[in-house]
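A.B. asks: sequence and computational prediction follow.
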Amino acid sequence: MAAGFVFVAMLLAAFSLWTAIPLSWIYIGSKLSQTQFPSGGPYAIVAVGIVVSILVVAWLIGRLNDLYVRITGTNRLEPIRPTWLKSMRDAAPARSSVTVVEAVLMTSVMLAALAFTLWYVLWAGSPIPNQ
C-alpha cells in the first residue's frame with residue numbers, strides 16, 4: 001500500500017512537469033508585467049522559474065523512486081499478464097518490464113496530452129473573431 005502511495009506521488013509530481021509548473025510561472029510572469037508588451041524581464045523570470053522548478057521536481061521524483069525501491073526492493077514493474085494467457089510450461093517470467101520512473105513519466109505525458117485535448121475541444125473556444 002505504501003508503494004502505491006509513493007507511485008501516485010511520483011505520478012502527480014511528473015504530471016505537474018507538464019501542467020502546473022509552466023502554467024504557474026506564466027501566471028506569475030503575467031502578474032509581474034504592467035503592460036501587454038513587456039520587456040524581457042518577465043520572460044526571463046518565467047524561463048528561469050520553469051527550469052529551476054523542473055529541476056527541483058525531477059530531484060523529488062528521484063528521491064521518491066529511491067523510497068519506492070526501499071519499500072519494494074526493486075525499481076521494476078512486473079508485467080501484468082492474465083492467468084489464462086500463461087502457458088503451463090512457463091518456467092520464469094519475462095524480464096522485459098519497465099522501471100517505475102519510465103512508467104510514471106509515460107503515464108504523465110499521456111495524461112497531460114489527454115488534459116490538453118479535453119481543454120482544447122471543450123473549453124478553449126474559437127480563436128476566430130465572430131463577425
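C.D. replies: Received the coordinates, thanks.

A.B. asks: please name every helix or strand in contact with the host helix or strand of residue 9.
C.D. replies: Applying DSSP states H and E as the criterion places residue 9 in helix 2-18. Contact analysis of helix 2-18 by 3 or more CB pairs under 8 Å, 6 or more residues apart in numbering; DSSP states H and E lists helix 40-72, helix 100-118 as its packing neighbours. The way it works is simple: take the backbone N, C-alpha and C, and place the C-beta from them, glycine included.

A.B. asks: any idea of the angle whichever helix or strand comes after that helix forms with helix 40-72?
C.D. replies: For helix 2-18, the succeeding helix or strand toward the C-terminus, using DSSP H and E, is helix 20-32. Between helix 20-32 and helix 40-72, the angle comes out at 150 degrees (axes from the mean of the first three to the mean of the last three CA atoms, to 10 degrees).

A.B. asks: now do residue 6, the pLDDT please.
C.D. replies: As predicted, residue 6 sits at a pLDDT of 93.

A.B. asks: buried ones in the helix holding residue 9?
C.D. replies: Buried residues in helix 2-18, defined by neighbour count with 16 or more other CB atoms under 10 Å: 6, 7, 9, 10, 11, 13, 14, 15, 16, 17, 18.

A.B. asks: near residue 109, how many residues? Count them for me, please.
C.D. replies: 14 (other CB atoms under 10 Å).

A.B. asks: scratch that, residue 119 is what I was asking about
C.D. replies: Neighbours of residue 119 using other CB under 10 Å come to 11.
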